[in-house]
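> Got a predicted structure here, sequence first:
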Amino acid sequence: MKPEWRAWLAVRFRTYTPDLNPAEGVRAHLKNSLGNLTPCSIDSLVVLVRTRLKRMQYRPDLLDGFIAETGLIATPP
């Protein structure tokens, strides 16, 4: 890999901060909700993930909390 690409990649990936990404909160919440389940197949895992994500979709307070966790806004809308 050329040196200029290494420098570009280093700058690009150094600026990524998971703490400022609300999707990280969604993933963590999803992972915790699936923690004690043992799906029998990939298809059953897909159904469980979709169900959990659909439940989150109908909880705006939870989603607002993921955004507020980032600290990018003072209060949820």
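Sure thing, it's come through. Everything numeric here is computed off the predicted structure, so don't read it as measured data. Residues are numbered from 1 along each chain as shown.

> Burial check on G71, number of neighbours?
Neighbour count for G71, taken as other CB atoms under 10 Å: 9. Heads up, the C-betas are built off the backbone N, CA and C, glycines and all.

> And the pLDDT at it?
Looking at G71, its pLDDT is 78.

> Then K2?
56.

> And the average pLDDT for the longest helix along the chain is what?
Identified as the longest helix of the chain according to DSSP state H is helix 42-57. The average pLDDT for helix 42-57 rounds to 92.

> OK, contacts around the spatially closest residue to H29 that is not a sequence neighbour?
Spatial nearest neighbour of H29, chain neighbours left out: M56 (6.9 Å); criterion: CB to CB, 6 or more residues apart in numbering. Taking CB atoms under 8 Å, 6 or more residues apart in numbering as the criterion, M56 is in contact with V26, H29, L30, L62, L63.

> how far away is the second one from D43?
In this structure, H29 lies at 22 Å from D43, with CB to CB, to the nearest Å as the measure.

> now the third one
As judged by CB to CB, L30 and D43 stand 17 Å apart.

> Quick one: distance of the longest helix of the chain to the chain centre.
Taking CA atoms, centre = their mean, to the nearest Å, the mean C-alpha location of helix 42-57 is offset from the chain mean by 14 Å.

> List the buried residues for that helix?
Using 16 or more other CB atoms under 10 Å as the burial criterion, the residues of helix 42-57 that qualify are R52, M56.

> Just the buried residues of the helix or strand that it is followed by, please?
Per DSSP states H and E, the first helix or strand lying C-terminal to helix 42-57 is helix 60-70. For helix 60-70, burial by neighbour count (16+ other CB under 10 Å) applies to L63, F66, A68.

> and if you look at stretch 30-43?
For stretch 30-43, the neighbour count (16+ other CB under 10 Å) marks L30, S33 as buried.

> So what touches that stretch?
L45, L48, V49, R52, L53, M56.

> Distance of the fifth one relative to G71?
The gap separating L53 from G71 is 24 Å, by CB to CB.
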